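>>> Starting from these lines, generate the structure:
(2 chains, ligands or ions: 1)
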Amino acid sequence: MKALFPIFNSHPALVYLDSNATSQKPQAVIEAIDQYYRSENANVHRGVYQLSENATRIFEESRLRIAAYINAESVEVIFTRGTTEAINIVAQSGGQAFLRPGDEIVLTVCEHHSNIVPWQIAAERHGVTIKYIPLTADRRLDLEAARELITAKTRMVSLGHVSNVLGVIHPVREIIAMAKAVGALTMLDGAQGIPHLKVDVKELDCDFYAFSGHKAFGPTGIGVLYGKKALLNAMPPYQGGGDMIEKVTLQGSTWNELPSKFEAGTPHIEGAIGLGVAIDFLKSLPLEKLLAHDQHLGRLLTQKLREEFPRVKILVEPGEDWVGTVTIVHENIHPHDLAAVCDSDNIAIRAGHHCAQPLMEVLGVTSTARVSPGLYNDEADIERFLAALRKAEKLFLS
Amino acid sequence: MNEEWKSLILDHYKHPRHYGDMKDFTFASEQHNRTCGDHVKVFATIDDQGTATFSFLGAGCSLCLASASLMMELVHSQNKSGIEAVRQEFQNMMKKGASPDAIDTWKALDGLRQYPVRSRCVKLAWQALDEIYAEWNTQKP
Ligand SMILES: Cc1ncc(COP(=O)(O)O)c(C=O)c1O
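Have a look, this model is predicted:
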């Protein structure tokens, strides 16, 4: 697998264990973007000349492939800058359309800031209260508590498909069912879902699904908002500008149809094309086997940490509902220092609050170190990390 | 980083100088690094001669705490103009690096500059010093 990712040609010694932050890019994605600028570049939806028509065709074909992959209609696939923008569209435009004073939004305590802050802004604007589903002792969502929190007052339930810090795959079907039972709308933050799980939005039956290209082998700056057509049609535009209008006069404007209504301005054309190729790549992968591979590496690391490093606290218990992410706190070594020692050995891990400060508070820590394996990692990478940890202990504990 | 400075930094991290609480201080400033939860609190007591006694408390990574400890060595027992000179020197050093004939303390701090992503860790104690200095300046003589 490593051979498909040119970054490892440029950095043969690199041990990349930060896939939850962003994935490395396969050759095919890099080539598609290169090819676009070398021989296909033109603006889309505008020119009547061949080059522009061709650019429009490959841009729109990319949308079709993404839609087919997640089992959506192509008009339900809105290109965004990423997960963050996708959630902001729903919180702002959807907030305007669907939220009324006294309503409640239900989130969870383990959300990424991008699935908290947009709702806090919307809540303030519309006089809405936010409630958070807590965790159980084993760091899984507390479904009992969820049942109590999701009530007739709930208008929107939004949660991560997979937690970026804990790597836990949330029981989204159960929660979506609870939301449906009370007539609430549902949104999934799929930033960590798409890279690991086969996503079928019809089968999930969520109203909205957001993801970023860059965490799923695609380029940065591009992502997708999936929304059910009727809901997207009921929402006002998010931004005004070119492409999103049907007719503009000095007195006012009317909106274009989906998906253009939510895509003001020249889009991230090469990003969308690259994302289409990344989705082809995902489609070609045996995702279940790769999930088992990441789980295996995460389990191996967890087990070795338990055996050899009593000073390391492991914040999540491996399980079948988990993508192999190992988040730790060392009793005596600050996560930044651990990451810096790893870096000096060419090992990339993440240290910090992982854009989930509320979760850090729930876990009773200020920051953690996170190892998130991907398909290009193997057992030797785990050994390299353990060696770096030994080195850090020697440096800081002696 | 040069091994000599690296071990000096580790030494300051493991054995921070002037570490501890201070009662009846004249000034104190607490700074937080929101990205990692690190925090440093710097205390200063000014005596009748205008000389400052410093101490600090904090929790953080090696860069953050070593920087605070190195700063202590530079500002402790200085008067106001001495502290101003140290602050200036720190600004210069962060921009251009330590001068070749600088003392070890500055060279060790210079070593911390090679982690630009962590410059907030390095600057935390110095921000506390800025605040204390500003407050000191607004006081009537
Ligand atoms: C669970 C989760 N949600 C949302 C995001 C935000 O994604 P982006 O920064 O690509 O918009 C991330 C990225 O770290 C994430 O892990």
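>>> From now on I want contacts and neighbour counts done on CA atoms only, so please keep to that.
Will do.
>>> the strands in chain B, which residues?
B:27-33, B:38-46, B:52-59 (DSSP state E).
>>> so which of the ones you listed comes closest to the ligand?
Shortest distance between the ligand and the strands of chain B, using Cα to the nearest ligand atom, is found for strand B:27-33: 19.7 Å.
>>> who touches the single nearest residue of the stretch 101-250 of chain A relative to chain B in this structure?
With distances taken as Cα to the nearest Cα, the stretch 101-250 of chain A approaches chain B most closely at residue A:113, which sits 12.6 Å away. Listed by Cα atoms under 8 Å, 6 or more residues apart in numbering or on different chains, the contact set of residue A:113 reads A:355-357.
>>> Let me know the closest of the residues you listed to the ligand.
Relative to the ligand, the closest of those is residue A:355; by Cα to the nearest ligand atom it sits at 7.0 Å.
>>> residues touching that closest one, list them.
Going by Cα under 8 Å, 6+ apart, the list of residues near residue A:355 reads A:112-113.
>>> Can you tell me the closest non-neighbouring residue to residue A:356?
Of all residues beyond its chain neighbours, the one nearest residue A:356 is residue A:112 (4.9 Å), with distances taken as Cα to Cα, 6 or more residues apart in numbering or on different chains.
>>> Pull up the per-residue confidence for the one you found.
In this prediction, residue A:112 carries a pLDDT score of 98.
>>> so it sits right up against residue A:164, yeah?
Yes: counting by Cα atoms under 8 Å, residue A:164 is a contact partner of residue A:112 at 7.3 Å.
>>> shared neighbours of these two, anything?
residue A:354.
>>> quick revisit: what's around the residue nearest to residue A:356, how many residues?
Neighbours of residue A:112 under the rule other Cα atoms under 10 Å in any protein chain shown: 24.
>>> For it, list the residues it contacts.
A:160, A:163-164, A:354-356.
>>> farthest pair in the residues you listed?
Put simply, by Cα to Cα the two of these set farthest apart are A:160 and A:354, 14.0 Å from each other.
>>> Contact partners for the residue sitting nearest the centre point of chain B?
Nearest to the mean C-alpha position of chain B, counting by Cα atoms, centre = their mean, stands residue B:71 at 3.0 Å. Taking Cα under 8 Å, 6+ apart as the contact definition, residue B:71 lies against B:125-126.
>>> State the distance from it to residue A:301.
When Cα to Cα, to the nearest Å is applied, the distance between residue B:71 and residue A:301 equals 39 Å.
>>> Next up, the contacts around the one residue in chain B that gets nearest to the ligand.
Going by Cα to the nearest ligand atom, the ligand is nearest to residue B:35 of chain B, at 14.2 Å. With contact set as Cα under 8 Å, 6+ apart, residue B:35 has these partners: A:352-353.
>>> And the pLDDT for it?
As predicted, residue B:35 sits at a pLDDT of 78.
>>> Below-threshold pLDDT in the chain: ranges please.
All of this refers to chain A. Low-confidence segments of chain A, defined by pLDDT under 70, are absent.
>>> Correction: the question concerned chain B.
For chain B, the stretches flagged by pLDDT under 70 are B:1-2, B:140-141.
>>> please redo it, this time with the cut-off set to 80
Under the criterion of pLDDT under 80, the regions of chain B flagged as low confidence span B:1-5, B:34-36, B:114-117, B:140-141.
>>> Go through it and flag its longest helix.
Of all the elements of type helix in chain B, the one with the most residues (DSSP state H) is helix B:119-138.
>>> That helix near chain A at all?
No: shown here: helix B:119-138 not in contact with chain A (Cα under 8 Å from any Cα of the partner chain), separated by at least 9.7 Å.
>>> which parts of chain B sit against chain A?
Of all the residues in chain B, those in contact range of chain A (Cα under 8 Å from any Cα) are B:10, B:14, B:35-38, B:60-62.
>>> Tell me which residue in the stretch 201-350 of chain A sits closest to the ligand.
Counting by Cα to the nearest ligand atom, the stretch 201-350 of chain A gets nearest the ligand through residue A:212, at 4.8 Å.
>>> for that residue, what are its contacts?
Applying Cα under 8 Å, 6+ apart to residue A:212 gives the contacts A:81-83, A:190-191, A:220-224.
>>> Would you map the helices across the stretch 201-350 of chain A?
Along the stretch 201-350 of chain A, the segments classed as helices by DSSP state H, counting those that start in this stretch run A:201-204, A:229-234, A:269-284, A:287-308, A:335-344.
>>> So what's the gap between the second one and the chain middle?
Right, helix A:229-234. Its chain's C-alpha centre lies 23 Å from the corresponding centre of helix A:229-234 when counted by Cα atoms, centre = their mean, to the nearest Å.
>>> contacts for it?
Contacts of helix A:229-234 with the rest of the structure, by Cα under 8 Å, 6+ apart, involve A:75-76, A:94, A:97, A:207, A:258.
>>> What are the buried residues along that helix?
Across helix A:229-234, burial judged by 16 or more other Cα atoms under 10 Å in any protein chain shown covers A:229, A:231-232.
>>> quick one: buried residues of stretch B:33-41?
Across stretch B:33-41, burial judged by 16+ other Cα under 10 Å covers B:35-41.
>>> If you tally nearby residues, what's the number for residue A:331?
By the measure other Cα under 10 Å, the count of residues near residue A:331 is 11.
>>> same check, this time on the one 5 residues further on
Other residues lying near residue A:336 total 23 when counted by other Cα under 10 Å.
>>> Double-check it against residue B:37; I have them as touching.
No: if you go by Cα under 8 Å, residue A:336 and residue B:37 don't touch, sitting 11.1 Å apart.
>>> can I assume residue B:53 is in contact with residue B:74?
No: under the criterion of Cα under 8 Å, residue B:53 lies out of contact with residue B:74, with a separation of 11.4 Å.
>>> Comparing the two, which shows the higher neighbour count?
Taking other Cα under 10 Å, residue B:53 and residue B:74 do not tie; residue B:53 has more neighbours (20 against 16).
>>> who's in contact with that one?
B:44-47, B:76-78.
>>> what does residue A:81 give?
Residue A:81 makes contact with A:212, A:220-224, according to Cα under 8 Å, 6+ apart.
>>> In helices, which of the residues of chain B next to chain A fall?
Residues of the residues of chain B next to chain A located in helices (DSSP H): B:10, B:14, B:62.
>>> Could you give the number of residues near the second one?
Meaning residue B:14. Residues contacting residue B:14 under the criterion other Cα under 10 Å number 15.
>>> out of everything not next to it in sequence, what's closest to it?
The shortest distance from residue B:14 to any non-neighbouring residue, by Cα to Cα, 6+ apart, is to residue A:396 (7.8 Å).
>>> The one you found reaches residue A:333, doesn't it?
Yes: counting by Cα under 8 Å, residue A:333 is a contact partner of residue A:396 at 6.8 Å.
>>> Of these two, which one has the most company?
Legend: neighbour count by other Cα under 10 Å for residue A:396 and residue A:333, higher for residue A:333 (21 against 17).
>>> Just confirm that one contacts residue A:394, I think it does.
No: look at residue A:333 against residue A:394 with Cα under 8 Å: they stay out of range, at 10.7 Å.
>>> still on that earlier bit, got the strands of chain B as JSON lines, with distance to residue A:21 columns?
Formatted as JSON lines, the entries for the strands of chain B read as follows, by distance: least, Cα to Cα, whole Å:
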{"stretch": "strand B:27-33", "distance to residue A:21": "21"}
{"stretch": "strand B:38-46", "distance to residue A:21": "22"}
{"stretch": "strand B:52-59", "distance to residue A:21": "26"}
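>>> still on that earlier bit, which of the contacts of residue A:81 fall within strands?
A:212, A:223-224.
>>> how about the residues of chain A near the ligand?
For chain A, the contact set with the ligand under Cα under 6 Å from any ligand atom comprises A:21, A:82-84, A:112, A:114, A:160, A:163-164, A:189, A:191-192, A:212.
>>> what helices or strands is the lengthiest strand in chain A leaning on?
In terms of residue count, the longest strand belonging to chain A (DSSP E) is strand A:154-160. Using 3 or more Cα pairs under 8 Å, 6 or more residues apart in numbering or on different chains; DSSP states H and E as the contact test, the elements touching strand A:154-160 are strand A:104-108, helix A:172-181, strand A:185-189.
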